[in-house]
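J.: the sequence and its predicted three-dimensional model are supplied below.
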Amino acid sequence: MQWPIEHDQPLVSVIIPNYNHAHYVSDAINSVLAQEYRNYEIIVVDDGSTDNSREVVTTFGEPVQYIYQENAGLSAARNTGITSSKGSLIGVLDADDMYEPDCFGTLVPALQDNPDADGIYCGYQFVDHANNLLPQIEARPVAHDTLYDALLDGNVFVPESILLRRYVYDNVGLFDESLRACEDWDVWLRVTKQYKIMHSSKILTRHRILPRSMSTDPLRMLTGRLAVLKKHVGDEPAGSGSSVAHRAYGRAYLGSCVEYLQHGNQDRAYECFQEMANVSPGLLTELDTFYQLGCGDQPKGSMGDLASLHVTRYSVPFIMMMRRLFADAGTGKDVRRLERAASAKAYCALGMLAYGTRTFRESRWFFTRAVFSDPTYLFNGDLFSRWVKSLMTPTVVDFLKNVRQWFAV
């Protein structure tokens with residue numbers, strides 16, 4: 001079903017920056033043309049492409065405005081598109097990503113029903129280069145008044161998942177053209193610090209993972225993260241602590257640690273892990289830290305997918321990295337004091353992940369190690385319940401599940 005254009009329907013300007021993505025940009029454009037909501041404009045900004053992008057884009061004719069500029073970077077291309085647009089709502093769609101057909105038909109009415117909201121974001125699904133669905137989905141709801149703090153922990157948005165009212169860009173400014181990575185994170189931090197951004201739990205966009213793309217370069221991403229944080233929370237603290245700045249920098253190093261693990265670079269991963277611990281030791285006492293590290297050998301697009309998670313295989317380098325941290329002379333005293341607590345959290349996280357993959361023998365071993373590291377885990381009801389269940393064979397577990405379902409009926 002397509003919406004007829006009515007006078008009270010706001011114009012959505014879709015900005016598509018493109019650099020040598022002739023093979024993918026048609027998918028992006030077609031995803032806009034397929035929208036059930038019809039009041040939109042499409043602006044493709046070609047940032048000095050050397051492939052046949054011009055030919056591909058211009059074949060669409062009148063529905064697509066094509067702007068060519070000398071290569072100036074992704075931020076500059078987005079900014080050119082925004083300043084050339086006419087809509088009261090602005091979406092930024094990278095040339096290799098896509099909207100689902102009901103994206104605008106869902107998000108625009110939600111904004112119309114909530115005039116006090118300044119923008120809206122939705123969930124997104126990862127896809128591979130051929131647009132095949134990958135297991136990873138991001139759709140975490142965050143209250144608007146805590147969204148800024150949540151984003152300081154790391155960027156969970158992708159550009160195509162956010163629709164903003166034009167005045168938001170007018171007031172907070174456009175994309176920082178000095179940044180060569182994480183420039184979108186910088187904008188979202190500026191936006192959420194000042195404006196109310198609501199959430200739709202629906203999965204309405206597709207985020208494509210391409211080999212050798214900017215977002216898969218760990219060093220470039222780390223450099224970008226540190227540059228953005230310097231703008232928002234100041235210089236990296238000289239010592240360890242628990243302030244907002246300490247935590248933000250620690251989480252930045254954690255994100256880069258995971259990316260280096262995904263690339264199989266254990267040494268650089270360890271360096272980022274140690275930086276994380278030294279700047280924000282408290283992260284060593286959070287389960288989420290070790291959940292991320294426990295999935296560290298899974299590629300982007302599959303993070304957290306239990307069907308492809310090999311906890312046993314990865315636990316060896318993971319545990320070795322932990323031991324190296326506490327034996328390293330470069331590790332701070334504040335970190336060393338947390339060795340037992342951090343070890344307990346790490347083993348607990350590995351136990352939970354192993355339990356989720358139904359490798360119960362390994363799960364029992366990890367849970368037991370967690371208790372050895374911190375005996376108070378014996379009194380953790382959830383952990384104790386999972387440990388007991390891990391003593392059973394998969395056949396027994398399935399039988400008990402069936403029995404429970406029978407009684408539920």
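T.: Thanks, I have the structure now.

J.: nearest spatial neighbour of Ala227, skipping sequence neighbours?
T.: Spatially, and ignoring its direct neighbours in sequence, Ala227 is nearest to Leu179 (6.0 Å; Cβ to Cβ, 6 or more residues apart in numbering). C-beta here means a position set from N, CA and C on the backbone, and glycine is covered the same way.

J.: please apply the same query to Glu138.
T.: Distances taken as Cβ to Cβ, 6+ apart place Tyr124 nearest to Glu138, at 5.6 Å, with adjacent residues excluded.

J.: now Gly173
T.: Arg190 is the one closest to Gly173 (Cβ to Cβ, 6+ apart), at 6.8 Å.

J.: any idea how far Phe367 is from the residue nearest to Glu138?
T.: Using Cβ to Cβ, to the nearest Å, one obtains 34 Å as the distance from Tyr124 to Phe367.

J.: then Ile319?
T.: Per Cβ to Cβ, Ile319 is found 14 Å from Phe367.

J.: which one's more surrounded, the two?
T.: Neighbour count, other Cβ atoms under 10 Å: between Ile319 and Phe367, Phe367 has more, with 25 against 16.

J.: I'd say that one and Ala349 touch.
T.: No: contact criterion Cβ atoms under 8 Å: Phe367 and Ala349 do not qualify, at 10.7 Å.

J.: is the residue nearest to the spatial centre of the chain in a helix, a strand, or coil?
T.: Taking Cα atoms, centre = their mean, the centroid of the chain lies closest to Val156, which sits 3.5 Å from it. The three-state label given to Val156 by DSSP: H, G, I helix; E, B strand; the rest coil is coil.

J.: which residues touch it?
T.: Counting by Cβ atoms under 8 Å, 6 or more residues apart in numbering, Val156 makes contact with Glu138, Arg140, Ala150.

J.: would you mind giving the residues you listed as JSON lines with distance to Asn132 added?
T.: Listed next are the contacts of Val156 as JSON lines, based on distance: Cβ to Cβ, whole Å:
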{"residue": "Glu138", "distance to Asn132": "17"}
{"residue": "Arg140", "distance to Asn132": "23"}
{"residue": "Ala150", "distance to Asn132": "30"}
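
J.: if you rank those residues by neighbours, which is first?
T.: Among these, the one with the most neighbours (other Cβ under 10 Å) is Glu138, at 18 neighbours.

J.: wait, doesn't that residue sit right on Cys122?
T.: No: if you go by Cβ under 8 Å, Glu138 and Cys122 don't touch, sitting 9.8 Å apart.

J.: in the protein, which spans are strands?
T.: Assignment of strands within the chain using DSSP state E yields the ranges 12-18, 40-47, 64-69, 89-92, 98-99, 119-127, 133-138, 162-165, 197-208.

J.: ok, the last one: who's next to it in the sheet?
T.: Applying DSSP bridges, strand 197-208 is found paired with strand 98-99 (antiparallel), strand 119-127 (parallel).

J.: and for the first one, what's in contact with it?
T.: This points to strand 98-99. By Cβ under 8 Å, 6+ apart, the surrounding residues in contact with strand 98-99 are 27-28, 31-32, 34-35, 91, 93, 127, 131, 160, 204-206, 208.

J.: show me where the stretch 201-350 of the chain has helices.
T.: Secondary structure of the stretch 201-350 of the chain (DSSP state H, counting those that start in this stretch): helices located at 218-233, 244-262, 266-279, 287-294, 311-327, 333-336, 339-356.

J.: could the ones you listed go into CSV alongside distance to His23 and mean pLDDT?
T.: Formatted as CSV, the helices of the stretch 201-350 of the chain follow (distance: least, Cβ to Cβ, whole Å; pLDDT from 0 to 100):
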stretch, distance to His23, mean pLDDT
helix 218-233, 22, 96
helix 244-262, 24, 96
helix 266-279, 31, 97
helix 287-294, 32, 93
helix 311-327, 33, 90
helix 333-336, 46, 95
helix 339-356, 36, 93
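
J.: ok so, going back, what number of residues lie near the residue nearest to Ala227?
T.: 20.

J.: quick check: phi and psi at it.
T.: When read as degrees, to the nearest 10, the backbone of Leu179 gives phi -90, psi 130.

J.: tell me which residues touch it, please.
T.: By Cβ under 8 Å, 6+ apart, the residues touching Leu179 are Ser75, Asp186, Gly224, Ala227, Val228.

J.: and the residues you listed, which are buried?
T.: Using 16 or more other Cβ atoms under 10 Å as the burial test, the contacts of Leu179 include Ser75, Asp186, Gly224, Ala227, Val228 as buried.

J.: could I get the strands of the chain as JSON lines with mean pLDDT and distance to Gly234?
T.: Listed next are those as JSON lines, based on pLDDT from 0 to 100; distance: least, Cβ to Cβ, whole Å:
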{"stretch": "strand 12-18", "mean pLDDT": "98", "distance to Gly234": "30"}
{"stretch": "strand 40-47", "mean pLDDT": "98", "distance to Gly234": "32"}
{"stretch": "strand 64-69", "mean pLDDT": "98", "distance to Gly234": "34"}
{"stretch": "strand 89-92", "mean pLDDT": "98", "distance to Gly234": "28"}
{"stretch": "strand 98-99", "mean pLDDT": "98", "distance to Gly234": "37"}
{"stretch": "strand 119-127", "mean pLDDT": "97", "distance to Gly234": "26"}
{"stretch": "strand 133-138", "mean pLDDT": "94", "distance to Gly234": "29"}
{"stretch": "strand 162-165", "mean pLDDT": "98", "distance to Gly234": "26"}
{"stretch": "strand 197-208", "mean pLDDT": "97", "distance to Gly234": "24"}
